[in-house]
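Asks: everything below, folded, please.
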Amino acid sequence: MGTKFAAGKKAFGFCDLSGKRTKLSELKDVYRKGVKTGIKACPEYWDADHPQNKLGEFPVYDPQALRDARPDRSLGVGAKVSARGIQWGYNPVGGPSDSLASNALVATGEVGQVTVTIT
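Replies: Prediction:
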């Protein structure tokens with residue numbers, strides 16, 4: 001006994017996404033997250049199932065922390081001026097005046113003139 005369906009070598013169908021008439025053999029199934037959606041698309045509108053849609057399907061082992069880490073103590077934790085000479089400032093530039101750290105940051109500004117001529 002043969003197959004249940006005709007070969008359909010000359011048959012045509014319509015793309016579910018664009019409505020464009022296309023050979024039935026050229027229409028492809030659309031998958032989302034590895035599941036067939038029942039939609040058939042022409043080659044112009046067909047997109048492969050994007051790998052990013054499969055996030056969370058596979059376990060990921062990506063450790064971030066280091067065991068027994070030894071941070072650089074010369075950074076001066078909590079101080080505005082570190083042993084490396086970096087000064088962090090805010091509120092306003094240089095930090096508050098009652099800060100225990102020295103304030104080496106200085107704000108400068110200028111005012112000038114702009115002349116516009118229309119030709």
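
Asks: buried residues, stretch 23-33. List them.
Replies: Across stretch 23-33, burial judged by 16 or more other Cβ atoms under 10 Å covers 27-28, 30. Heads up, the C-betas are built off the backbone N, CA and C, glycines and all.

Asks: for the chain, which spans come out with low pLDDT?
Replies: Along the chain, the model assigns pLDDT under 70 to residues 1, 72-106.

Asks: one step back: quick check, nearest of the buried residues of stretch 23-33 to residue 60?
Replies: Taking Cβ to Cβ as the measure, residue 60 lies nearest residue 30 of those, at 26.9 Å.

Asks: show me what contacts the closest one?
Replies: 16-17, 36-37, 39-41, 46-47 (Cβ atoms under 8 Å, 6 or more residues apart in numbering).

Asks: how near is it to residue 56?
Replies: Look at residue 30 and residue 56: by Cβ to Cβ, to the nearest Å, they are 21 Å apart.

Asks: likewise for residue 70?
Replies: Distance, residue 70 to residue 56, using Cβ to Cβ: 35 Å.

Asks: try residue 21
Replies: With Cβ to Cβ as the criterion, residue 21 and residue 56 are 39 Å apart.

Asks: residue 49 now?
Replies: Counting by Cβ to Cβ, the separation of residue 49 from residue 56 is 15 Å.

Asks: so between these two, which is more surrounded?
Replies: residue 49 (15 against 8; other Cβ atoms under 10 Å).
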